[in-house]
Structure formats: C-alpha cells, structure tokens
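Engineer: Sequence plus predicted model, see below.
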Amino acid sequence: MTTLSSKKDSKGVTTAKVSFLSETANKELEHAVEVLMLKYLVKYRKKFIEEYISSNFSKFMGENRPLTSQEVMDILLISRQTLSRWIKEGKIKPINSESGRHYRFKRDDIDRLIEEGM
C-alpha cells in the first residue's frame, strides 16, 4: 500500500512524504533523493553562483563603489596635477579627504562633473 502525506514546517515550507509497503524501501528512496539532490547542487553550483553574482552585481562591483584617483584621472582624461588642483579648489571632493593619499571618489560626483562640462 502506498500513501502520500504532507506537512508544513514553522517557516511554511511544505514537505511531502511517500510511504511504500516497507520501511526499508522508504529509507532507500529518501537516501536516493538526497544523493540526487547533492549531485544536482554540485553539478550546477557554478551556475547558481554566476546567477547570484549577476543578479547582485552591484553589491560586488556596483556603480556606487568608490573610484580611485587613477580611475578618476582615466575617466576625466586629466593628469594627477590637475586632479590635485581640482581637489584643492573644491571642484572635486574625495570621500576620504582626511587621507592625504589614496583618495576615493563617488561616481555620482564624477558623473555630475562630466555633465557640467568640467
């Protein structure tokens, strides 16, 4: 005799259980399902990771990450001296101005500077 039962856990996840004639058959089936699930997860783990990173790319390398001085110079096509002068003049403001070196800049500020025509 085969029976099917289901139950919800405290998180609302429904699990189903199939019972066969013998307890041994049930245990073997459960073990086979666990093995298949693990094989599936191992086989597709790279795909899962790639999908997670692509859907959460901004968390890893988002548009709002701070830019280095070199990146700003490359984007604006300016020299280090020009960048230093603009910082002193207040035309561009680093987010870590207390640093003295290794400045970081908000991309939004750089985009605004480009829109204003530098």
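Structural biologist: Alright, I've got the coordinates.

Engineer: what about the residue nearest to Met118 when sequence neighbours are not counted, neighbour count?
Structural biologist: Spatial nearest neighbour of Met118, excluding adjacent residues (C-beta to C-beta, 6 or more residues apart in numbering): Leu76 at 6.7 Å. Yep, even glycine has a C-beta here, placed from its N, CA and C like the rest. The number of residues packed near Leu76 is 16, by other C-beta atoms under 10 Å.

Engineer: now swap in Glu28 and tell me
Structural biologist: With neighbours defined by other C-beta under 10 Å, the count for Glu28 comes to 12.

Engineer: Now do the helices in the chain.
Structural biologist: 23-55, 57-61, 69-76, 80-89, 107-115 (DSSP state H).

Engineer: still on that earlier bit, measure the residue nearest to Met118 to Glu34 for me?
Structural biologist: 56 Å (C-beta to C-beta, to the nearest Å).

Engineer: Outline the domain layout of this protein.
Structural biologist: For the chain, the domain assignment from automatic domain parsing gives the residue ranges 3-60, 67-115.

Engineer: Tell me which of those is the most buried.
Structural biologist: Counting by mean count of other C-beta atoms under 10 Å, domain 67-115 has the highest mean neighbour count of the domains of the chain, with a mean of 13.

Engineer: Return the helix or strand in this structure with minimum mean pLDDT.
Structural biologist: helix 57-61 (a mean of 58; mean pLDDT, DSSP states H and E).
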